[in-house]
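S.K.: Provided below for reference: sequence and predicted model.
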Amino acid sequence: MASIKKVVFPVAGLGTRMLPATRSLPKEMLPVVDKPIIEYALEEAAAAGAEQFIFVTGRGKALIEDHFDRAVELFDNLERKGKKQELEALRGATPPAGEVVYTRQQEAKGLGHAVWCARHLIGDEPFGVMLVDDLIDAATPCMKQMAEAHAATGGNVVAVMEVPEEQTARYGVLDPGKREGDLVEVRGLVEKPDPAEAPSRLAVVGRYVLLAEVFEHLSAHQVGAGGEIQLTDAMQRMIGRQPFHGLRFEGRRFDCGDKLGYLEAIFALALKRSDIGPELRELIARELG
């Protein structure tokens, strides 16, 4: 089994694509059915064997900290009213003391800078990075797939999926090498290439397993695309130094930072549930009829 014990969640972003809902509510706290997006991500990391969850936050993100705290008044209220099912659900969603850690990204300098802010909490061990906007629904949680791929290869692993050619300018894109099953050798990475210049249609989405060497490159604070410190640039400099693969993960990815992607996630996950799925299908049929 995997050796990934720490996962970093960069959650300092402003969520401008989801305004006005995110004017005062962190985008990570937007609900998908009855759980905030951030809770799906933490559950996925825990299923991969993670024991420490590191949130890189910014101003206006206090609700995230409150969400994973033990709300004493709420717990006591549910217990007094005998609401055992709700109480157990809340207990299950509250990580044990000391497992959730917070640090601040005090300036918006990009994803690479956000990951760098967690360097002292990671140390010299391999670690995961999860972008909460990317909600991935999979029978085997995506980060667990990533951790198993890392255990097999001993190197860096990024989650990849094929995107339409015209969308390559939105992603970091692989220059692929040898393929073996779901693993693709990474010969190079290009951040948001013009479709005419993209080396492939294999795009990196929000799941990474990285060796701690990445901090050496991020510490240079080299500015890349968009005037930001790009994680892709630091990863590019690690290629050839240790194994580096893309994993064509199994599962369905939803971009919850996009209005349509967010709605798609709500409907897809709700329709799978036995308690509300059948009635939702009837409601949709009535609306479309």
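M.R.: Ah, there it is.

S.K.: C-alpha only now, for contacts and for neighbours.
M.R.: Will do.

S.K.: how close does the closest residue to Phe244 other than its chain neighbours get to Leu183?
M.R.: Leaving out its chain neighbours, the residue that sits closest to Phe244 by CA to CA, 6 or more residues apart in numbering is Asn156, at 4.7 Å. Separation of Asn156 from Leu183 (CA to CA, to the nearest Å): 12 Å.

S.K.: Looking only at neighbour counts, state which of those two leads.
M.R.: Each of Asn156 and Leu183 has its neighbours counted (other CA atoms under 10 Å); Asn156 has more, 28 against 21.

S.K.: Overlap in contacts, Asn156 and Leu183.
M.R.: Residues touching both Asn156 and Leu183 (CA atoms under 8 Å, 6 or more residues apart in numbering) are His245.

S.K.: rewinding a little: ok, the residue nearest to Phe244 touching Ala212?
M.R.: No. Asn156 is beyond contact range of Ala212, at 9.7 Å (criterion: CA atoms under 8 Å).

S.K.: Next SSE downstream of the helix or strand harbouring Leu247?
M.R.: According to DSSP states H and E, Leu247 maps onto strand 244-248. Next helix or strand after strand 244-248 toward the C-terminus (DSSP H and E): strand 252-255.

S.K.: For that following strand, buried residues please.
M.R.: 253-255 (16 or more other CA atoms under 10 Å).

S.K.: repeat for stretch 263-274
M.R.: 264-268, 270-271.

S.K.: List every C-alpha atom in that stretch, with coordinates, as CSV.
M.R.: Extracted C-alpha coordinates of stretch 263-274, given in CSV (Å, rounded to 0.1, in the frame of the first residue of the first chain):
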residue,chain,number,x,y,z
LEU,A,263,-24.2,21.7,-11.2
GLU,A,264,-23.2,18.5,-13.1
ALA,A,265,-21.5,17.2,-9.9
ILE,A,266,-24.7,17.9,-7.9
PHE,A,267,-27.0,16.1,-10.3
ALA,A,268,-24.6,13.2,-10.9
LEU,A,269,-23.9,12.4,-7.3
ALA,A,270,-27.5,13.0,-6.2
LEU,A,271,-28.8,10.6,-8.9
LYS,A,272,-26.6,7.8,-7.6
ARG,A,273,-28.1,8.0,-4.1
SER,A,274,-30.9,5.6,-3.2
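
S.K.: Over to Arg23: give its phi and psi.
M.R.: Main-chain torsions, Arg23, degrees, to the nearest 10: phi -60, psi -40.

S.K.: which residues of the stretch 101-250 of the chain fall in helices?
M.R.: 111-116, 119-122, 142-153, 214-218, 231-236 (DSSP state H, counting those that start in this stretch).

S.K.: What angle do strand 244-248 and the third one make with each other?
M.R.: Just to be clear, that refers to helix 142-153. With axes from the mean of the first three to the mean of the last three CA atoms, to 10 degrees applied, the angle from helix 142-153 to strand 244-248 works out at 140 degrees.

S.K.: which helices and strands does helix 142-153 pack with?
M.R.: helix 37-47, strand 156-162, strand 202-210 (3 or more CA pairs under 8 Å, 6 or more residues apart in numbering; DSSP states H and E).
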